[in-house]
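K.L.:
Structure, please.
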Amino acid sequence: MSLLGFCQWLEQTRLATAISESVWLFPIIEGSHILALPLSVGMILMFDLRLLGLAFQGTSASRLMRDVLRWSKFGFVVVLITGGLLFMTQASKAYDNVFFRTKMVFLLVLGINAVVYQIVFYPKMEQWDAGGAPLGARICGALSLVVWIGVIVCGRTMAYQF
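P.N.:
All right, here's what the predicted structure looks like:
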């Protein structure tokens, strides 16, 4: 089965059809997806701004990370579930959409960036906590900030093309 064939099959599942045909379900899922963004992405952007030294300089990076991470995880779970449900309802349209594809590439870049940060910089965060973040951590923060903006722009633009 091709990827397009899978997308077409996915749209025809009972769950996707139920969501698509519901007067209330699709808007509730879409609204939840959008409202969870500040919890997920907003918290990450706060941490990115701290890494860049542009905000929250009075708070240690490790403390800010602990404070925002629990909210970000919760928001991410909601965004992931609702995003998957929204994708199911319009999978073949998303398959051909350049903004959807770009969004997926951006999410892959963000995943790699997060892994690099967690492996290289997070274990040493306590050492540079009081001062500024090292250049590599600042680059991770800047990349995250820019690419998350790209994800949101692509997501909103994609929604207007369906």
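
K.L.:
Please give me every residue in contact with the residue positioned nearest the centre of the chain.
P.N.:
Residue closest to the average C-alpha location in the chain (Cα atoms, centre = their mean): residue 41, at 5.9 Å. Shown in contact with residue 41 (Cβ atoms under 8 Å, 6 or more residues apart in numbering): 75, 79, 148, 151, 152. In short, each C-beta sits where N, CA and C put it, glycine included.

K.L.:
Can you select the buried ones from the residues you listed in PyMOL?
P.N.:
Typed into PyMOL, the line below selects the buried ones among those, using 16 or more other Cβ atoms under 10 Å:
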select buried, resi 75+79+148+151
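
K.L.:
As CSV, the contacts of residue 41 with pLDDT would be great.
P.N.:
What follows is these, written out as CSV (pLDDT from 0 to 100):
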residue, pLDDT
75, 94
79, 96
148, 96
151, 95
152, 94
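
K.L.:
what comes up buried for the lengthiest helix in the chain?
P.N.:
Assignment by DSSP state H gives helix 61-89 as the longest helix of the chain. Within helix 61-89, the residues that count as buried by 16+ other Cβ under 10 Å are 61, 64-65, 68, 71-72, 75-76, 78-79, 82-83, 85-89.

K.L.:
Just the buried residues of the helix or strand of the chain with the lowest mean pLDDT, please?
P.N.:
Ranking every helix and strand in the chain by mean pLDDT, DSSP states H and E puts helix 125-128 at the bottom, with a mean of 85. Neighbour counts over helix 125-128 (16+ other Cβ under 10 Å) mark residue 125 as buried.

K.L.:
And for stretch 40-54?
P.N.:
Buried residues in stretch 40-54, counted by 16+ other Cβ under 10 Å: 40, 41, 43, 44, 45, 46, 47, 48, 49, 50, 51, 52.

K.L.:
and that stretch, what's its mean pLDDT?
P.N.:
In this model, stretch 40-54 has a mean pLDDT of 93.
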